[in-house]
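> here's a sequence, model it:
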Amino acid sequence: MSKDVWVIAMPKLGETVTEGTIGSWLKQVGDTVAFDDPLFEVSTDKVDSEIPSPYDGVVLEILVPAGQSVPVGTPLVRIGPPGAELASYDADAPAVGGSEGPATAYPEAAFAEPGVQPAPVNADGDVYEVTMPKLGETVTEGTLSRWLKHAGDRVEFDDPLFEVSTDKVDSEIPSPYDGVILEILVTAGETVPVGTTLVRIGEPGAKVGSGAGGAPAAAAVPAPAAAGTETPAAAGAPATPVAPAAGGNGAGRMLSPMVRRLAAEHGLDLSAVAGTGAGGRIRREDVQAVIAEGGTGAPIAAHLAPAAPAGVAAPAAPQPAAAAAPAAGPGDERDEVVPLSRMRLTVADLMVKSLNTSAHVWTSVEVDFDAIDKVRAAHKDQFKKEVGASLTYLPFIARAVCEGLRAYPSVNSSIDIPAKTQTLHPYVNLGIAVDLDQQGLVVPVVKDADAMNIRGIAKTITTMAGAARAKKLSMADMSGSTFTITNPGPFASFASSPVINQPNVAILCTDGVTRRPVAVGDAIAIHPMGIIGLVYDHRAFDGSTASLFLLHLRNTLQDRDWAAEVS
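I've put the predicted structure just below:
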């Protein structure tokens, strides 16, 4: 029996995080774990996270008990291959591969970011491999958007190494090793499955092929197989469609949630679609090409593996023809056609999905910000000095929103029509939409915002917005919102109707504040006025609730003694 043992180390859950505390173990010695099963909980001074298992196997040994704090990179648990017996495990043996093949050790500091899986290192310790990280529970692939280092460059542990885009998040991935870039295996712009080897790092003069038992340098050394994970294709190999397996709608094949959803929506038989991804994996582009050619349940010849006589290997299916672009009016030689970024495509997909999911309705209220303006003028300098955040209108609005959501809990809910249920959230996880220099939007989440005062809210929003623009947010930072605010006001918008951030049932828009004449009692005065709009899902509540929520918000903003809270 193979004695392969894999070590899971304390992950680095933030740029400045140096240690973590094991909150609880979700699996115990002897338990069988599958790839992506919750394995343990970690608490740091930045975040609490549930860490999934990067392997299938059996928990052989827990090295750090719950409640103990240890440095990043400390070995926490050893996992053996599926079917391994505890009696066959030598606790004193190093975490190396089986004797049947080249030894592959797993450095105990291999996690540089959540989801960066331990990468093989050759037996001599000369060459390390960094793989495509898993940046979310349902993420199965990522696009390497940009290399920050190049072949021959020297890198230190935690140096920014490359940028990855997924359908969930854009992230800057640091190097988990010191060394020199020996070989880059995936070019910028290429989309590859999680676990694909991206780059090899070692000391100058190290032999790239030595870690693969003399395998060619271009061949990616596979990481331990995990459930639903395929061995990455050799770097640079052409993406040739592979004949689909018969039976079931893609049964037994690794399929992303996006592929499954598209197939279900259009009635596609995935068992009849040939994938162009690594190992014959069906990619989103394969399904979209079938759909573009008019495919529903009927096979499309360009995407199907042709039948072959018994005993004869089926020939590779031809590459799908590009779908014809819809007519866009007369062309002009001055036009510039540019490819859409992955983030732009993701935003487009999410927006359409939200519009197709929720019954969007917009209502608004006008707010007099005169009292808040006076407080801002009196306290903004001291506030900035003490809190490190500007005293804009947004913290006041966010604070008032939290109180309004307590008064009208259906606005702070999620709805499940198929299950015929509505979940009321007794806490406020406040999403704040952040513009990334007109390249896309992300929504970091202020967890338990209703437990914060205006200072805490302002500081947290400023910190998370900065992290978003620096591409330092983790999936945990952008998950779990119960209500969202978008703030185009600084761009002088008048009244906006944003798209709901699923699975929320409402989103608030804070538009521009301008000074203009208003009636104040029996007099006319110049006050700062602004429109606050609410887009809500009419399935969750009605217009009366929306209007009462906005009325509560307006009255809180206009009548609260904000000076007492700010000072």
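
> may I see the buried residues of the helix or strand containing K374?
Assigned by DSSP states H and E, K374 falls within helix 370-387. By neighbour count on 16 or more other CB atoms under 10 Å, the buried set for helix 370-387 is D370, A371, I372, V375, R376, H379, F383, V387. For every residue, glycine as well, the C-beta is placed using N, CA and C.

> from the contact counts, what lies against it?
Here helix 370-387 touches helix 393-407, helix 454-469, strand 523-537, helix 543-559, helix 562-566, going by 3 or more CB pairs under 8 Å, 6 or more residues apart in numbering; DSSP states H and E.

> how is the chain carved up into domains?
1-111, 116-208, 257-303, 346-566 (automatic domain parsing).

> so which of the buried residues of helix 370-387 is the closest to N555?
A371 (11.5 Å; CB to CB).

> run a quick check on that closest one versus Q558, I expect a contact.
Yes. With contacts counted by CB atoms under 8 Å, A371 reaches Q558, the gap being 6.2 Å.

> now Q68: how far from F40?
From Q68 across to F40, the span is 11 Å (CB to CB, to the nearest Å).

> looking at those two, which is more packed in?
Using other CB atoms under 10 Å as the criterion, Q68 and F40 rank with F40 on top: 22 against 12.

> quickly find the element holding that one.
Counting by DSSP H and E, F40 is found in strand 38-43.

> show the average pLDDT along that strand.
Taken as a whole, strand 38-43 carries a mean pLDDT of 86.

> and stretch 406-425, by the same measure?
Regarding stretch 406-425, the rounded mean pLDDT is 95.

> where does the stretch 351-500 of the chain have low pLDDT?
Within the stretch 351-500 of the chain, not a single segment meets pLDDT under 70.

> contact partners for the nearest residue to E19 once chain neighbours are set aside?
What sits nearest to E19 in space, not counting adjacent residues and going by CB to CB, 6 or more residues apart in numbering, is P71, at 4.8 Å. Residues near P71 by CB atoms under 8 Å, 6 or more residues apart in numbering: M10, T18, E19.

> make CSV out of those and add secondary structure.
What follows is the contacts of P71, written out as CSV (DSSP: H, G, I helix; E, B strand; the rest coil):
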residue, secondary structure
M10, coil
T18, coil
E19, strand
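
> from G440, how far off is A476?
20 Å.

> what do you get for A468?
The gap separating A468 from G440 is 10 Å, by CB to CB.

> about what we covered before: which one of the helices and strands packed on helix 370-387 is the most hemmed in?
Highest mean neighbour count among the helices and strands packed on helix 370-387 (mean count of other CB atoms under 10 Å): helix 393-407, with a mean of 22.

> contact partners of that one?
Here helix 393-407 makes contact (CB under 8 Å, 6+ apart) with 369, 372, 376, 389, 411-412, 428, 430, 432, 446, 449-450, 452-454, 457-458, 461, 482-483, 485, 487, 489, 508, 510, 513, 530, 532, 549, 552-553, 556-557, 560, 562, 565.

> can you list the low-confidence ranges for the stretch 51-200 of the chain?
Ranges of the stretch 51-200 of the chain meeting pLDDT under 70: 83-126, 136-138, 167-169.

> so where do the strands sit in it?
According to DSSP state E, counting those that start in this stretch, the stretch 51-200 of the chain carries its strands in the segments 57-62, 69-71, 75-80, 127-131, 141-147, 154-155, 160-165, 170-174, 179-184, 191-193, 197-202.

> partners of the last one, with directions?
To tie it back to what came earlier, the one meant is strand 197-202. strand 127-131 (antiparallel), strand 179-184 (antiparallel) (DSSP bridges).

> next one: the longest one
Partner strands and pairing direction for strand 141-147 (DSSP bridges) are strand 160-165 (antiparallel), strand 191-193 (antiparallel).

> would you format the helices and strands packed on helix 370-387 as a markdown table with distance to S171 included?
Listed next are the helices and strands packed on helix 370-387 as a markdown table, based on distance: least, CB to CB, whole Å:
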| stretch | distance to S171 |
| --- | --- |
| helix 393-407 | 25 |
| helix 454-469 | 11 |
| strand 523-537 | 29 |
| helix 543-559 | 35 |
| helix 562-566 | 35 |
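
> for F35, find the nearest of these.
Each of those has some distance to F35 by CB to CB; the shortest is helix 454-469, at 28.5 Å.

> who touches that closest one?
383, 386-392, 394-396, 398-399, 430, 432, 434, 436-437, 442, 444-446, 449, 452, 473, 477, 562, 565-566.

> same question for stretch 409-429.
So stretch 409-429 is in contact with 401-402, 404-406, 445-451, 480-483, 503-506, 536-537, 539-541, 545-546, 549, going by CB under 8 Å, 6+ apart.

> swap in stretch 347-359?
Here stretch 347-359 has contacts from D167, L340, G440, L441, V499, I500, N501, Q502, V505, D537, H538, R539, using CB under 8 Å, 6+ apart.

> how about the contacts made by the fifth one?
Which is V499. The contact partners of V499, taken as CB under 8 Å, 6+ apart, are M351, S354, L355, H360, I507, V535.

> run through the helices of the stretch 151-300 of the chain in chain order.
For the stretch 151-300 of the chain, helices defined by DSSP state H, counting those that start in this stretch occupy the ranges 257-266, 284-292.

> packing partners for the last one?
Put plainly, it is helix 284-292. Helix 284-292 makes packing contacts with helix 257-266 when contacts are defined by 3+ CB pairs under 8 Å, 6+ apart.

> how close does V77 get to D416?
35 Å.

> between the two, which has more neighbouring residues?
More crowded of V77 and D416, by other CB under 10 Å: V77, with 23 against 10.

> can you give me the distance of that one to A419?
35 Å.

> contacts only, for V365.
Per CB under 8 Å, 6+ apart, neighbours of V365: I531, I532, S547, L550, L551, L553, R554.

> one more time with 10 Å, if that's ok
530-534, 546-547, 549-555, 557 (CB atoms under 10 Å, 6 or more residues apart in numbering).

> confirm it sits in a strand?
Yes. Counting by three-state DSSP, V365 is found in a strand.
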